[in-house]
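[1] Could you look at this predicted model? Sequence included:
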Number of protein chains: 2
Amino acid sequence: MNIPRTSYPRIVIIGGGFAGISLAKKLSKQEVQVVLLDKHNYHTFQPLLYQVSTGGLEPDSIAYPIRKILKDFPNFHFRLAHVNEIDTVSSKVITDIGELKFDYLVIASGSKTNYFGNEQIKANSMAMKTIPQSLNLRSLILENFEEALLTSDLNERNCLMNFVIVGGGPTGVELAGALAEIKKGILPKDYPDLDTRLAQINIIQSSDCILKGMSDQASQKAEDFLEKLGVNVWKNVRVTNYDGKTVTTNTDLTFETATLIWAAGVMGATIKGLDGAELITRGNRILVNEFNQVKGFDNIFAAGDIACLVNEEFPNGLPMMAHPAIQQGEQLGDNMLRLIEQKPMKPFEYKDKGAMATIGRNKAVVDLKRFKFQGVFAWYVWMFVHLFFLIGFRNRMVVFINWVYNYIRFDREARLIIRPFKKKLKK
Amino acid sequence: MNIPRTSYPRIVIIGGGFAGISLAKKLSKQEVQVVLLDKHNYHTFQPLLYQVSTGGLEPDSIAYPIRKILKDFPNFHFRLAHVNEIDTVSSKVITDIGELKFDYLVIASGSKTNYFGNEQIKANSMAMKTIPQSLNLRSLILENFEEALLTSDLNERNCLMNFVIVGGGPTGVELAGALAEIKKGILPKDYPDLDTRLAQINIIQSSDCILKGMSDQASQKAEDFLEKLGVNVWKNVRVTNYDGKTVTTNTDLTFETATLIWAAGVMGATIKGLDGAELITRGNRILVNEFNQVKGFDNIFAAGDIACLVNEEFPNGLPMMAHPAIQQGEQLGDNMLRLIEQKPMKPFEYKDKGAMATIGRNKAVVDLKRFKFQGVFAWYVWMFVHLFFLIGFRNRMVVFINWVYNYIRFDREARLIIRPFKKKLKK
């Protein structure tokens, strides 16, 4: 990679997610050279991916060009690259576009879907961690309806109109709610020939409540909201397999479905060279100290989902969410500048901003530190917070207009099969 | 295809473009059954595809779900299907999802890129007739810049930053202008390491003027605008071949480029069964009479780009543009209802609404019947007209916001490589 060396120390950041971007912003206009590597040329606002999958938002409005975020920083370089390996001995990263030496390295490679080793589920299910995946899911949902129209086999039609979501976290809950609203608002208008009663939305949670990380109150209310929307909530059920047609579970329960959406877990997206067992902990994350430093290295850090930073409240590591990532990125930026100036670093302190999830129109749950509420007001808060954290004025405007429009019209206009997922409709 | 027969006559429309949609709208709430077939589930507003290719607009804002356009019409059916053949003897269409009998058939299958038989150009060039193609081009342009950063071979870098557009019609001209604005406004900010002077935009026209269908005044002014923007306009040059690297022409001129965009011609997208030589005329279009009827058939019609409808002013057929298609669709709707009621049909009269093209910010050319103008006002008119004809309130709002934003900020934020076109960047 032909990036010229300057007199400044070079900080290489792997990943342009919440942690990587907030770190790079902190380092902008400082006396360091920053090289950010990502396999996409855009930052993805992951909390809204489910709205892309369900036709409520266009993908471009929740993505933002990484080059643009940091364009005013002269000593910043972006490269579209996939990092294959980290060579800690000679302090370099090995990528598909060549090698790059670093003085400091920050791994902010995020997380990937965790199939818990089940290859069949991996092969047959849909995930929703990236924009391309979300677009594939959007296509598949619509293709299913188109196909359901064509078949005269009732079993097949049932199967095509049955959606199974595994995982009762925010992603699963938000997607289930959105699908339920499609069933109610879009299906009868778009597919008058289809018996919409056949459309079933199932959400399966292995433990005894959904939104496990939130308060009991939020969890209970979210379940009520889902049931009100006609979603079947299955608790204490663990999916054991899916062959592309039948979902089996650890109970007698089985589901016949053409669409299994796997939102049951994520794991750190580790990189070869820093994936040794002594570094990796629960959830395939890299254990870091309170300065986000990787054990055994002074100049290698990890932040965001990939980093396992423990404190009293979170002995298994901070939650794999946007907030901890943003805060770590910012704090790490300060700390790296301190380190370079040979000043002592400050330990990271997580400020818990709470959690929220939306289930449908006028239906959200919000847990703040002192204040928990659900319903319409929570829904407004959810929208405001998401608009606020979205990057880019244009994106905010476009998302806002879409929301207003969708709200008034009970509609989702981005129901477009632009990248067909099934190669061909069955005859 | 399991579409139940009703007591109404069944009209099958092939294609949800301007002609097909305006026809279907005319037939809505009438005593006919309409089945619209398209290989996409959305209508594409083709005049703005070049803005998708150049990151100015998101694809979803110029596409509209076909089901939604016609959702209030109870006797309307849409099927996502590719029509393979028309069987005129037994009055049925044969598609990839089965066969369908028709009482009346309207072919509105539009046009496709015309490579004039050159398979090498077809294999190596980019076209811009559909949203997926436009997204591929968007990715390729951005991937080229990313790759240009990596190479130390100056020839290769030149090649990657050299864009050759073949065809000086509205598509070519608008794309050339947009690329020139990217060179000026985006490249220096996003790629400070690249010498933007290397970026060349060439437009090649085989005849002696660009925008051939428009007035001399418009043509000349468009050329001035392009040159002001730094585009190289090559007239009286015909491209003879392109092997993926070198463009050869009928003159001594050659171009080394990684990107050839072929906007040099379109041809009717005929369908097997109605593609006999006796029906097909110039430009691979189906010759129709003044009622859009295909020769030899009472119940088979063609409209839009695929139809060659001649009149005194256009002895080679009406221009392959949105306006004639919309007008034909509307008129044909009336005529079909007349035909069914056994009333005489009215001959189609083309109302020439003029033509326009935009070259860049504040730069457009407009030819109305009595009034020709260029510059800022033309640019506003161009925008207003395009917003007006765009389908859907949300799309209009989103496009409008993008335009305002892009105008104020000299920006194009949708520069996202969501569907990478080159499989992998070269090492």
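    Thanks, I have it.

[2] contacting residues for the closest residue to residue A:264 other than its chain neighbours?
    Once flanking residues are discounted, residue A:264 sits nearest to residue A:167: 3.7 Å by CB to CB, 6 or more residues apart in numbering or on different chains. No exception for glycine: its C-beta is placed from N, CA and C like everyone else's. Taking CB atoms under 8 Å, 6 or more residues apart in numbering or on different chains as the contact definition, residue A:167 lies against A:203-205, A:262-265.

[3] Next: residue A:34.
    When contacts are counted by CB under 8 Å, 6+ apart, residue A:34 touches A:10-11, A:13, A:24, A:27-28, A:70, A:73, A:75-77.

[4] between these, which is closest to chain B?
    Proximity of the contacts of residue A:34 to chain B, judged by CB to the nearest CB, is greatest for residue A:77, which lies at 7.2 Å.

[5] Test my guess that the closest one contacts residue A:35.
    Yes. Under the criterion of CB atoms under 8 Å, residue A:77 lies in contact with residue A:35, with a separation of 4.7 Å.

[6] who touches both of the two?
    Where contact means CB under 8 Å, 6+ apart, the residues bridging residue A:77 and residue A:35 through contact with each are residue A:3.

[7] Which of the three states applies to residue A:305?
    helix (DSSP: H, G, I helix; E, B strand; the rest coil).

[8] can you count the residues close to it?
    When counting by other CB atoms under 10 Å in any protein chain shown, one arrives at 31 neighbours for residue A:305.

[9] what are the phi and psi values for the residue nearest to residue A:264?
    Comment: the main-chain dihedrals of residue A:167 come out as phi 120, psi 120, following degrees, to the nearest 10.

[10] Could you report the pLDDT at the residue lying closest to residue A:283 once chain neighbours are set aside?
    Across the structure, with CB to CB, 6+ apart as the measure, the residue nearest residue A:283 apart from its sequence neighbours is residue A:267 (5.4 Å). Per-residue confidence for residue A:267 comes out at a pLDDT of 96.

[11] And the next helix or strand past the helix or strand hosting residue A:267?
    Counting by DSSP states H and E, the element that carries residue A:267 is strand A:266-268. On the C-terminal side of strand A:266-268, the nearest following helix or strand under DSSP H and E is strand A:280-281.

[12] Show me what that following strand pairs with in its sheet, parallel or antiparallel.
    Each strand paired with strand A:280-281, and its direction, by DSSP bridges: strand A:285-287 (antiparallel).

[13] what does the strand it pairs with contact?
    Residues contacting strand A:285-287 (CB under 8 Å, 6+ apart): A:107, A:267-268, A:270, A:274, A:279-281, A:294-295, A:302, A:305-308, A:310, A:317.

[14] do the same with stretch A:364-372
    Judged by CB under 8 Å, 6+ apart, the contacts made with stretch A:364-372 from elsewhere in the structure are A:211, A:214-215, A:217-219, A:221-222, A:225, A:352-359, A:373-375, A:378-379, A:381-382.

[15] Walk me through the domains of chain A.
    A:10-39+A:81-113+A:266-340, A:119-264+A:361-409 (automatic domain parsing).

[16] Just the pLDDT at residue A:353, thanks.
    Residue A:353 carries a pLDDT value of 87.

[17] I'd guessed it sits against residue A:324; true?
    No. Distance between residue A:353 and residue A:324: 9.3 Å, which falls outside the contact criterion (CB under 8 Å).

[18] Poorly predicted segments of chain A, please.
    For chain A, residues meeting the criterion pLDDT under 70 lie at A:423-427.

[19] What residues sit buried inside stretch A:166-174?
    Of the residues in stretch A:166-174, A:166-174 count as buried by neighbour count, 16 or more other CB atoms under 10 Å in any protein chain shown.

[20] Can I get that stretch as CSV, trimmed to CA atoms?
    As requested, C-alpha coordinates have been extracted for stretch A:166-174 and formatted as CSV (Å, rounded to 0.1, in the frame of the first residue of the first chain):
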residue,chain,number,x,y,z
VAL,A,166,-34.6,-16.5,15.8
GLY,A,167,-33.5,-14.3,18.6
GLY,A,168,-35.5,-11.9,20.8
GLY,A,169,-32.9,-9.1,21.0
PRO,A,170,-33.6,-5.7,19.6
THR,A,171,-32.9,-6.8,16.0
GLY,A,172,-35.3,-9.7,16.2
VAL,A,173,-38.0,-7.7,18.0
GLU,A,174,-37.8,-4.7,15.6
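
[21] quick one, phi psi at residue A:84?
    Reported as degrees, to the nearest 10, the phi and psi values for residue A:84 are phi -90, psi -30.

[22] For it, list the residues it contacts.
    A:94-96, A:271-272.

[23] So if I had to pick from residue A:353 and residue A:324, which one is more boxed in?
    Each of residue A:353 and residue A:324 had its neighbours counted (other CB under 10 Å), and the higher figure belongs to residue A:324 (25 against 16).

[24] quick one, helices of the stretch 51-200 of chain A?
    A:66-69, A:119-124, A:131-150, A:154-160, A:170-181, A:187-190 (DSSP state H, counting those that start in this stretch).

[25] Kindly reformat those as TSV and extend each row with distance to chain B.
    Written out in TSV, the entries for the helices of the stretch 51-200 of chain A read as follows (distance: least, CB to the nearest CB, whole Å):
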stretch	distance to chain B
helix A:66-69	4
helix A:119-124	21
helix A:131-150	5
helix A:154-160	11
helix A:170-181	16
helix A:187-190	4
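
[26] how about those helices in JSON lines, adding distance to residue B:154?
    As requested, those are arranged in JSON lines below (distance: least, CB to CB, whole Å):
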{"stretch": "helix A:66-69", "distance to residue B:154": "23"}
{"stretch": "helix A:119-124", "distance to residue B:154": "45"}
{"stretch": "helix A:131-150", "distance to residue B:154": "34"}
{"stretch": "helix A:154-160", "distance to residue B:154": "55"}
{"stretch": "helix A:170-181", "distance to residue B:154": "47"}
{"stretch": "helix A:187-190", "distance to residue B:154": "54"}
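
[27] Would you mind finding the most buried of these?
    Sort these by mean neighbour count, taking mean count of other CB atoms under 10 Å in any protein chain shown, and helix A:170-181 sits at the top with a mean of 26.

[28] Residues in contact with that helix: which ones?
    Contacts of helix A:170-181 (CB under 8 Å, 6+ apart): A:47, A:49-51, A:53-54, A:56, A:128, A:141, A:163, A:165-166, A:201, A:203, A:205, A:210-211, A:222, A:225-226, A:229-231, A:261, A:263-264, A:355, A:357-361, A:363, A:410, A:412.

[29] And the contacts of stretch A:378-386?
    Outside stretch A:378-386, the residues within contact range by CB under 8 Å, 6+ apart are A:47-48, A:356-358, A:361-366, A:399, A:403.

[30] in the stretch 251-400 of chain A, what residue is nearest chain B?
    The minimum distance from the stretch 251-400 of chain A to chain B, using CB to the nearest CB, falls at residue A:394 (4.5 Å).
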